[in-house]
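Engineer: Sequence and predicted structure, then a few things I'm wondering about:
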Amino acid sequence: MKTLTLTFILALSLSTNAFAQDWDNIEITTQKVTDDLYMLVGEGGNLGVSIGEDGVFLIDDQYAPLTEKILTAIRKLSTDEIHFAFNTHFHGDHTGGNENLGKKGIEFVAHDNVYKRLSEGGSPKEALPIITFNDQLTFHMNGIHIKTKHYHSAHTDGDSIVYFEGKNVIHMGDTFFNENYPYVDVDGGGSWKGLLAVVKDTIDNIDDNTKIIPGHGRLSDKAGLQVYYDVLMDINHILTPIAKQGLTLDAVKKLQPLKKYDGQYGNGFMNPDTFISIVYMNILNNLDK
Ligand SMILES: [Zn+2]
């Protein structure tokens, strides 16, 4: 019952947010990450754009009403066609523009579960990935190797991290909410433990000069990701023993065990109450796994 209520509230807040938007006032800003690689920010998930001799490679596309603004921003970087577009996961603030772009003939690539969730969710054919993969996939274009790696059950069950090999840049999708509490979409196949594992594995595979485009929040780097990981691990260390005692969610909330982080990290998509509800219940339900 609790899970249902929470899902309902989240769905409601997401859709309210989408409908209440005054799209005309949203600006797409472009930040250069390194040569021929850019992060675009508007409303919704951060975009990644690689340009070069083989065309544009786009990561995620925010919401449908922003498609034309996004295309205008990309055209300022390159007049070439978008050769491939990639979805880091299925959420609407990262795939909302798929249908518009698909109708223009742009081909989407994503993990198998992105296809599954979008198609089962009723997305039209044009919004679906045309190529899907189950583990890893590499694009050889623009003089670099763009490697995508799937992690099962983290933010969702279809997350991919994109490594721009040769540029030392990665796009982490929503496995990284920079400077905010992360959202674990349990109904979408995500898990708290899986999220911790992605972040740890990513830290182990990058260096001090790696630049990181997070799903949400400012451009970051290994030091920024390490801070995020330390906070998540501390939260895990705080909540796990309480879960082992079997406290109810209401009792945990009264304890305010994450109070020291709420002010700094609870102002994004996850407010402190929703965050602890999702994470505590997910820890509690997976104690013996
Ligand atoms: Zn997401």
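Structural biologist: Perfect, thanks for sending it. From a predicted model like this one, the values you see are computed outputs, not experimental measurements.

Engineer: got the phi/psi numbers for the residue lying closest to residue 169 once chain neighbours are set aside?
Structural biologist: The spatially closest residue to residue 169, leaving aside those adjacent along the chain, is residue 211, at 4.8 Å (CB to CB, 6 or more residues apart in numbering). Using the backbone N, CA and C atoms, a C-beta is placed for each residue, glycine as well. Per-residue torsions, residue 211: phi -100, psi 140 (degrees, to the nearest 10).

Engineer: cool, and residue 111?
Structural biologist: Dihedral angles (degrees, to the nearest 10) for residue 111: phi -70, psi 150.

Engineer: Wait, it touches residue 133, no?
Structural biologist: Yes. In this structure, residue 111 is within contact of residue 133 by CB atoms under 8 Å, at 6.4 Å.

Engineer: Could you tell me which residues touch both of these two?
Structural biologist: Common neighbours of residue 111 and residue 133 (criterion: CB atoms under 8 Å, 6 or more residues apart in numbering): residue 150.

Engineer: what does this protein have sitting close to the ion?
Structural biologist: Within the chain, the positions adjacent to the ion are 91, 174 by CB under 5 Å from the ion.

Engineer: Okay, now the unreliable bits of the chain?
Structural biologist: Residues of the chain meeting the criterion pLDDT under 70: 1-20.

Engineer: neighbour-wise, which of residue 111 and residue 133 wins?
Structural biologist: Each of residue 111 and residue 133 has its neighbours counted (other CB atoms under 10 Å); residue 111 has more, 29 against 18.

Engineer: Now for the more buried one: which residues touch it?
Structural biologist: Applying CB under 8 Å, 6+ apart to residue 111 gives the contacts 89, 132-134, 150, 158-160.

Engineer: So it versus residue 189, what's the distance?
Structural biologist: Using CB to CB, to the nearest Å, one gets 11 Å for the distance from residue 111 to residue 189.

Engineer: Ok, residue 267 next?
Structural biologist: Taking CB to CB, one finds residue 267 at 26 Å from residue 189.

Engineer: Settle it for me: which of those two has more neighbours?
Structural biologist: A count of neighbours by other CB under 10 Å puts residue 189 above the other of residue 267 and residue 189, at 20 against 13.

Engineer: Just say helix, strand or coil for the nearest residue to that one once chain neighbours are set aside.
Structural biologist: Leaving aside its chain neighbours, residue 189 sits nearest to residue 157 (2.5 Å; criterion: CB to CB, 6+ apart). Three-state call for residue 157 (DSSP: H, G, I helix; E, B strand; the rest coil): coil.

Engineer: tally of neighbours for residue 157?
Structural biologist: Using other CB under 10 Å, residue 157 has 23 other residues around it.

Engineer: check contacts around the single nearest residue of the stretch 101-250 of the chain relative to the ion.
Structural biologist: Proximity of the stretch 101-250 of the chain to the ion (CB to the ion) peaks at residue 174, 3.5 Å away. By CB under 8 Å, 6+ apart, residue 174 lies in contact with 45, 88-89, 91, 94, 155-156, 159, 182-183, 215-216.

Engineer: Give me the three-state assignment for it.
Structural biologist: When classified by three-state DSSP, residue 174 comes out as helix.

Engineer: What separation do you get for residue 40 and residue 185?
Structural biologist: 23 Å.

Engineer: what do you get for residue 217?
Structural biologist: 17 Å.

Engineer: Of the two, which one has the most company?
Structural biologist: Neighbours per residue (other CB under 10 Å) separate residue 217 from residue 185, with residue 185 holding more: 21 against 17.

Engineer: how many other residues sit next to the closest residue to that one other than its chain neighbours?
Structural biologist: Nearest residue to residue 185, sequence neighbours excluded (CB to CB, 6+ apart): residue 156, at 5.0 Å. Number of residues near residue 156 (other CB under 10 Å) recorded here: 29.

Engineer: Next: residue 168.
Structural biologist: By the criterion of other CB under 10 Å, residue 168 has 16 neighbours.

Engineer: How about residue 107?
Structural biologist: By other CB under 10 Å, 14 other residues sit near residue 107.

Engineer: give me phi/psi at it?
Structural biologist: Torsion angles, degrees, to the nearest 10, at residue 107: phi -100, psi 130.
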